[in-house]
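Participant: Coordinates for the following, if possible.
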Amino acid sequence: MFMAHPMDPSNQPGSTPSTSSYTPPPTPPSDEDAGAGANTAVPAASVPPDPQSNLPIPHIAPTIVTPPLHANPPFNTHQFFVALEKSFPGPIAANLMRVSRALLVDRIGRVRRDALTVKDLESQAYLFKAALSELRTETSLLTRNETAAMRTATSSLRREVDALNGRMKEDVATLKHEIQMEVDSRKNESKNDLKKLDIEIEELLNKSFVNLGELRTSIEESRWENMRKSVAALTGFLFLIVISMELFVSKPKKSANPSAPPPKAEVLPPGAGGAALGYIASVLHPC
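Facilitator: Numbers count the residues shown, from 1 in each chain. All right, here's what the predicted structure looks like:
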């Protein structure tokens, strides 16, 4: 005796027969049935193929154990009613059975509406894996593109840096060469200036030595000339003195006193000789 509830989906119109009735799982075969099947049926893999035959080897499909499809959980209303009838009266047991069946149907419907099945989970996992692989592919592609762009930019920057480094080296080498040339030219100019200054100093010294020699020569000449003039003047003065003395001695005196002594020669003072010599020199050489 099966009693149906009005909220049972199996009583709804358009419901499938798989949800209205419960199909018990198949019973596993016993050892006797397995032995009998082994004695009566021979698998195809145990028959060896004929080596002289040209037929291809038959393909043996692998045995895949599939889980049973989704089925409603078993609920024997009659057995449940009988168990309740032992403790409660008939109407109360029937009501309890109906309430339990309604709660069970409601919970099963809620689970079917809200929960996910294995297929849904597998489909969601497949979609998630597909989206993850697509995202990974896009990320790797974007990373590769960015890496290629960065490598291109880095290589261009490296080339620019190398070119700038070469230009800087050339400019520094040219500047060093120009500075070295200027320093060398300045050194040569300073050496030439020092040589010119030494030559001018030597010329000035030579001229000074020549002028000093000429002055010394002129001084010597003027000294010798003065000595010669003074000797000549002294000689003439002495000669005049001697002549005057000779004339005064030899000339007879007109005086009446012949026994009178001769006149004494006047002696000049010590400084009068130089003055007399200067006077004689000025008379002899008026220039």
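Participant: can you count the residues close to residue 105?
Facilitator: When neighbours are defined as other C-beta atoms under 10 Å, residue 105 has 19 of them. In this view, the C-beta of every residue, glycine as well, is placed from N, C-alpha and C.
Participant: Look at it and give its secondary structure.
Facilitator: helix (DSSP: H, G, I helix; E, B strand; the rest coil).
Participant: quick one: it and residue 189, what's the gap?
Facilitator: According to C-beta to C-beta, to the nearest Å, residue 105 stands 119 Å off from residue 189.
Participant: mind listing what's buried in the host helix or strand of residue 94?
Facilitator: Using DSSP states H and E, residue 94 falls within helix 90-114. For helix 90-114, a neighbour-count test (16 or more other C-beta atoms under 10 Å) marks 93-94, 96-98, 100-101, 105, 108 as buried.
Participant: What helices and strands are in contact with that helix?
Facilitator: helix 77-85 (3 or more C-beta pairs under 8 Å, 6 or more residues apart in numbering; DSSP states H and E).
Participant: on that earlier part again, if we only consider the buried residues of helix 90-114, which is nearest to residue 221?
Facilitator: residue 108 (159.6 Å; C-beta to C-beta).
Participant: Give me the pLDDT for the closest one.
Facilitator: Note for residue 108: predicted pLDDT of 84.
Participant: Same question for residue 172.
Facilitator: At residue 172, pLDDT is 94.
Participant: Any figure for the gap between it and residue 131?
Facilitator: 59 Å.
Participant: From residue 218, how far out is residue 205?
Facilitator: Taking C-beta to C-beta, one finds residue 205 at 20 Å from residue 218.
Participant: and what of residue 96?
Facilitator: With C-beta to C-beta as the criterion, residue 96 and residue 218 are 169 Å apart.
Participant: Return the distance of residue 170 relative to residue 180.
Facilitator: 16 Å.
Participant: now swap in residue 149 and tell me
Facilitator: 46 Å.
Participant: same deal with residue 250?
Facilitator: From residue 250 to residue 180 the distance is 103 Å (C-beta to C-beta).
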